[in-house]
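> Have a look at this prediction, sequence included:
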Amino acid sequence: MSVLEKKIIEFKNWYESQLSYHEASVQFFSELISTIPRVETVSGRTKSFEESVSKFKRKYLSQISPNNNRYQISNYITDLVGIRAVCFYSEDVNEIRRNLKKYFREIEITDKSNQLEKTDDKFGYKSVHLQLALKSRLKGITGYDKFKKVKIELQIRTVIQDAWSILDHKIKYKKSIPQNLKRRINRLSALFEIADDEFLNIQKEISQEEIKISKRLKKGGKIEKSKTLDVFRFLFIALKYFPKYNFIEFKVDGFVQEILIQKDGFTEGELNEALQNNLSLVNAIEIYIKQDLNPYSKIRYCLFKQDMKSFYDILSSHQREVFISFSR
């Protein structure tokens with residue numbers, strides 16, 4: 001039996017004896033990293049025995065002297081416990097790294113983003129790979145003593161990078177593929193990179209629009225009567241009348257679309273006029289039915305009262321009955 005065969009058997013015995021411990025550590029580290037700001041999703045796994053041996057042979061075996069029989073394969077597998085943290089935007093990656101330092105020390109860093117930026121003939125997915133270990137003497141972390149000696153590999157990716165990595169592994173390409181296929185994969189990789197940049201830029205522009213709303217409200221900005229309603233113009237009007245309500249983005253978007261379906265080209269000024277003219281009436285309906293109405297329902301009643309023909313379907317049949325009963 002060769003030295004390598006003996007080492008593989010030793011590694012298998014060690015791997016199987018430690019498997020439940022490492023699987024428990026995956027759960028521990030996943031839960032800890034999920035508390036880091038900007039991290040949206042976390043997943044983890046223990047590298048399989050077969051993958052570990054394959055990696056050792058591919059990356060490290062050639063570096064070991066044939067006469068060396070004292071090495072342990074386990075010492076070379078630094079990513080046995082692998083965790084993946086996914087965030088929304090590329091600028092979140094560095095923020096996550098900074099926040100990780102509260103719990104971890106960085107042992108080794110591999111920035112695939114920088115590596116790819118420096119080449120024009122390679123394709124692949126961007127991500128930051130960190131080899132981490134828990135800091136000494138952490139307090140208040142349940143499980144710290146049990147897992148303080150475990151080293152993990154953490155991959156930090158944006159949602160776009162993560163999507164590309166899944167496709168990347170699905171394709172299972174090799175460097176020796178025909179040039180026409182390599183070019184197509186390069187084009188696809190570039191599209192994902194552009195999407196990542198655009199995703200971030202759009203978010204920044206949305207944030208700027210939200211800042212504009214805040215400034216308009218603070219300065220008592222004028223109503224732009226002829227401007228067609230959109231999410232930001234809706235919020236400018238709605239927050240004037242309901243300043244303490246938390247308008248959730250996706251709900252606002254759906255509601256604005258519903259309004260525009262009822263009346264195409266409906267404006268910021270028309271929304272303000274409907275609330276200005278009818279909100280006191282709707283507040284009286286709220287007292288009449290002895291039930292609190294949320295701002296969306298109040299706006300629906302205001303729109304219906306302002307223009308019953310255009311906004312007949314903005315109310316449910318029950319709400320129309322309530323309105324008719326109150327109006328008698």
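Received, thanks. Residues are numbered from 1 along each chain as shown.
> tell me which element the residue lying closest to residue 217 once chain neighbours are set aside is part of?
Distance criterion CB to CB, 6 or more residues apart in numbering; nearest residue to residue 217, sequence neighbours excluded, is residue 239 at 6.0 Å. Using the backbone N, CA and C atoms, a C-beta is placed for each residue, glycine as well. Assessed by DSSP states H and E, residue 239 sits inside helix 231-241.
> for residue 106, same thing?
In the assignment (DSSP H and E), residue 106 maps to strand 104-111.
> again, but for residue 84
Using DSSP H and E, residue 84 falls within strand 81-87.
> Ok, residue 42 next?
Assessed by DSSP H and E, residue 42 sits inside strand 41-46.
> any idea of the mean pLDDT for that strand?
Strand 41-46 shows a mean pLDDT of 96.
> Then stretch 255-267?
Per-residue pLDDT values across stretch 255-267 average out to 97.
> Give the next helix or strand downstream of the strand holding residue 42.
Next helix or strand after strand 41-46 toward the C-terminus (DSSP H and E): helix 49-59.
> Can you check what angle separates that next one from strand 81-87?
If you take axes from the mean of the first three to the mean of the last three CA atoms, to 10 degrees, helix 49-59 sits at 90 degrees to strand 81-87.
> Against residue 249, how distant is residue 102?
Counting by CB to CB, to the nearest Å, the separation of residue 102 from residue 249 is 29 Å.
> ugh, typo on my part, it should be residue 86
As judged by CB to CB, residue 86 and residue 249 stand 20 Å apart.
> With neighbour numbers in mind, choose between the two.
residue 86 (20 against 11; other CB atoms under 10 Å).
> Hmm, that one is touching residue 39, no?
Yes - if you go by CB atoms under 8 Å, residue 86 and residue 39 touch, sitting 7.5 Å apart.
> okay, and for the stretch 51-200 of the chain, where does confidence drop off?
Residues of the stretch 51-200 of the chain meeting the criterion pLDDT under 70: 112-126, 169-177.
> Apply 80 and report the result again.
Low-confidence segments of the stretch 51-200 of the chain, defined by pLDDT under 80: 111-127, 166-187, 189.
> Using PDB, write out every CA atom in the helix holding residue 239.
Extracted C-alpha coordinates of helix 231-241, given in PDB (Å, rounded to 0.1, in the frame of the first residue of the first chain):
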ATOM      1  CA  VAL A 231     -44.100  55.700  -6.500                       C
ATOM      2  CA  PHE A 232     -42.100  58.700  -5.400                       C
ATOM      3  CA  ARG A 233     -44.800  61.200  -6.200                       C
ATOM      4  CA  PHE A 234     -47.300  59.000  -4.400                       C
ATOM      5  CA  LEU A 235     -45.100  58.900  -1.300                       C
ATOM      6  CA  PHE A 236     -44.700  62.700  -1.400                       C
ATOM      7  CA  ILE A 237     -48.500  63.200  -1.200                       C
ATOM      8  CA  ALA A 238     -49.300  60.200   1.100                       C
ATOM      9  CA  LEU A 239     -46.700  61.200   3.700                       C
ATOM     10  CA  LYS A 240     -48.100  64.700   3.900                       C
ATOM     11  CA  TYR A 241     -51.400  63.200   5.100                       C
END
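> which helices and strands does that helix pack with?
The contact analysis (3 or more CB pairs under 8 Å, 6 or more residues apart in numbering; DSSP states H and E) places helix 231-241 against helix 179-218, helix 249-262, helix 268-289, helix 295-306.
> Need those helices in JSON lines (columns: distance to residue 231).
Shown next, in JSON lines, are the helices and strands packed on helix 231-241 (distance: least, CB to CB, whole Å):
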{"stretch": "helix 179-218", "distance to residue 231": "8"}
{"stretch": "helix 249-262", "distance to residue 231": "5"}
{"stretch": "helix 268-289", "distance to residue 231": "11"}
{"stretch": "helix 295-306", "distance to residue 231": "14"}
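> most tightly surrounded among these?
helix 295-306 (a mean of 21; mean count of other CB atoms under 10 Å).
> next helix or strand past that helix?
Sequence order places helix 317-327 as the next helix or strand after helix 295-306, per DSSP H and E.
> Would you mind pointing out the helix or strand the nearest residue to residue 127 once chain neighbours are set aside falls in?
Once flanking residues are discounted, residue 127 sits nearest to residue 157: 4.4 Å by CB to CB, 6+ apart. Per DSSP H and E, residue 157 falls inside strand 151-158.
> Now do that strand against strand 104-111, angle only.
On the basis of the same axes, to 10 degrees, strand 151-158 is oriented at 60 degrees to strand 104-111.
> Help me confirm that the residue nearest to residue 217 comes into contact with residue 221.
No - Residue 239 lies out of contact with residue 221 (CB under 8 Å); the separation is 11.5 Å.
> So for these two, which residue has more residues nearby?
Between residue 239 and residue 221, residue 239 has the larger neighbour count (other CB under 10 Å), namely 17 against 13.
> what's the more buried one in contact with, if anything?
Residue 239 makes contact with 213, 217, 245, 247, according to CB atoms under 8 Å, 6 or more residues apart in numbering.
> Try it again at 10 Å.
Residue 239 is in contact with 213, 214, 216, 217, 245, 247, 295, counting by CB atoms under 10 Å, 6 or more residues apart in numbering.
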